[in-house]
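Colleague: Requesting a structural model of the entry that follows:
(chains A and B)
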Amino acid sequence: MQRRHRTAHARIWIVLAVMLPLVVVLGLVVRQDGPGERPAVLLEAPR
Amino acid sequence: MSVRYTPVGWNRNKAIYDGVLVASVAAYLLLYLPVAPAFQDLTRPLDGPTLRMQAFGSAAFLMLSMVLAIGPLARLDRRFLPLLYNRRHFGVLTFVVALTHAGQVLGWYFDFGVADPYVALLGTNTSYGQVLGFPFELFGILALVVLAVLAVTSHDFWLNFLTPPLWKTMHMGVYAAYAAVILHVVLGRLQSGQNPLLAVLVAASVAILSVLHVLAGRRERARDLAGVPVVDPPWVDAGSVDAIAEGRAVVVPLPGDERVAVFRHKGRLSAVSNLCAHQNGPLGEGKVIGGCITCPWHGFTYRLADGRAPAPYTEKLATYRLKLDGRRVLLDPRANPPGTYVEPIPIPET
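Modeller: Numbering: from 1, shown residues only, chains lettered A, B, ... in the order given. Here you go, the predicted structure:
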């Protein structure tokens, strides 16, 4: 690779290496769990 | 390499590469479809179309992660170089799988209403002001558009038409596509499903790719900063002749400039630009095969003395003058015009 491509590549990944893990962690933090009282098995509708 | 337009210049290595690639993707999909229902949420059983869109979506995500890992892996360890050889076909297949995923989504969620599916896709959810419920599809569309442009321009015709530096810059767009895919998955499937496997998969992909790229970048930077001493202006010290193995090269970083590859072949030394004229591959990491320098990335070849590709090919490299001071190799850092003949210098017997 040319030096300017190597430099650009390195800068892009320094930013991505900080931003992407942050996005994943934040995504997991704000994730909402399903209702705790859900039935353990699927209830079938009466026929 | 080719002197006229051919859709794909097939050879045995490419056929094997593509065969393994297609078989692996098919095996993944065929395994995913019967196995995934075993891990489903019993209160929200998977239907066929959802299962298929998840299968293709996860396959595309894994493939994109692998495509992005090949570059730094090959920089860090030469044993991964074969994976680089046909990486473009890997990228094109990734786009095809991602497009199939998008087709499944459109056909299942947006094909049964009165509105046009594309209008419905873009207009159904307009919750741009909130994180939860954000129209994550937009990031998927963005990634798909970038991958489409890269897939269409992946042929050597576009590489020659746009020139390698511009083509390379354009194809760095794949990093934007990857970032968009991460946002697409984190704001979409990761929010709606409780399966920890997906969270682990996404976190692992981001962690592994970040570490690999940062490590490879640090190594390249260290090489650039190493520099070489100027011993007899303008000549710089390129190291000991004994450090160059037969048929191989040492790479000499020039201050503020590009790198030069100094090759040793049959008792003589030659120096050319380290940048392959095809895709700027690192020629100094290649070897001499059949009397020609062979690029480790795609096998482009150049003559040692004048840096020209053997006829009928027309690519050529900048060459450099060399001289010996005892067992030290001295290099004139001023590049000759590409294709300039420079007599290889003989190495005296010890």
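
Colleague: remind me, longest helix of chain B?
Modeller: For chain B, the helix with the greatest residue count under DSSP state H is helix B:196-226.

Colleague: OK, contacts around the residue nearest in space to the middle of chain B?
Modeller: Chain B has B:Gly71 as the residue nearest its centroid, 4.9 Å off, counting by Cα atoms, centre = their mean. By Cβ atoms under 8 Å, 6 or more residues apart in numbering or on different chains, B:Gly71 lies in contact with B:84, B:87, B:213, B:216. In this view, the C-beta of every residue, glycine as well, is placed from N, C-alpha and C.

Colleague: Which one of these is nearest to B:His184?
Modeller: B:His213 (20.3 Å; Cβ to Cβ).

Colleague: what about the closest one, neighbour count?
Modeller: 23 (other Cβ atoms under 10 Å in any protein chain shown).

Colleague: pretty sure it contacts A:Ala17?
Modeller: Yes - using Cβ atoms under 8 Å, B:His213 is in contact with A:Ala17, at 7.0 Å.

Colleague: So for the residue nearest to B:Ser273 when sequence neighbours are not counted, what's the pLDDT?
Modeller: Spatial nearest neighbour of B:Ser273, excluding adjacent residues (Cβ to Cβ, 6 or more residues apart in numbering or on different chains): B:Ala318 at 4.3 Å. The per-residue pLDDT reported for B:Ala318 equals 95.

Colleague: Likewise for B:Tyr313?
Modeller: pLDDT at B:Tyr313 comes out at 86.

Colleague: now do A:Asp33
Modeller: 66.

Colleague: What spatial separation is found between the closest residue to B:Gly123 other than its chain neighbours and chain A?
Modeller: Nearest residue to B:Gly123, sequence neighbours excluded (Cβ to Cβ, 6+ apart): B:Ala115, at 7.2 Å. Note on B:Ala115: its distance to chain A, by Cβ to the nearest Cβ, to the nearest Å, is 29 Å.

Colleague: same thing with B:Leu254?
Modeller: In this view, B:Leu254 and chain A are 10 Å apart by Cβ to the nearest Cβ.

Colleague: my guess is that residue contacts B:Val236, does it?
Modeller: Yes - contact criterion Cβ under 8 Å: B:Leu254 and B:Val236 qualify, at 7.3 Å.

Colleague: What is the helix or strand just after the longest helix of chain B packed up against?
Modeller: Going down the chain from helix B:196-226, the next helix or strand is strand B:230-232, by DSSP states H and E. The helices and strands touching strand B:230-232, judged by 3 or more Cβ pairs under 8 Å, 6 or more residues apart in numbering or on different chains; DSSP states H and E, are strand B:235-240, strand B:328-331.

Colleague: Identify the residues contacting B:Glu246.
Modeller: Going by Cβ under 8 Å, 6+ apart, B:Glu246 touches B:264-266.

Colleague: at 10 Å instead, please
Modeller: B:Glu246 makes contact with B:263-267, B:287-288, according to Cβ atoms under 10 Å, 6 or more residues apart in numbering or on different chains.

Colleague: Can you tell me the SS state at it?
Modeller: coil (DSSP: H, G, I helix; E, B strand; the rest coil).

Colleague: Report the separation between it and B:Leu283.
Modeller: In this view, B:Glu246 and B:Leu283 are 17 Å apart by Cβ to Cβ, to the nearest Å.

Colleague: do the same with B:Phe56
Modeller: 38 Å.

Colleague: Check B:Val251 too.
Modeller: In terms of Cβ to Cβ, B:Val251 sits 9 Å off from B:Leu283.

Colleague: hey, what's in contact with both of those two?
Modeller: Common contacts of B:Val251 and B:Leu283, defined by Cβ under 10 Å, 6+ apart, comprise B:259-261, B:274.

Colleague: Go through these and name the one nearest B:Leu51.
Modeller: Comparing those against B:Leu51 with Cβ to Cβ picks out B:Asn274 as the nearest, at 48.7 Å.

Colleague: Please name the residues that touch the nearest residue to the closest one once chain neighbours are set aside.
Modeller: Among residues not flanking B:Asn274 along the chain, B:Arg259 sits closest, at 3.8 Å (Cβ to Cβ, 6+ apart). Contacts for B:Arg259 (Cβ under 10 Å, 6+ apart) come out as A:1-3, A:6, B:223-224, B:251-253, B:273-275, B:282-284.
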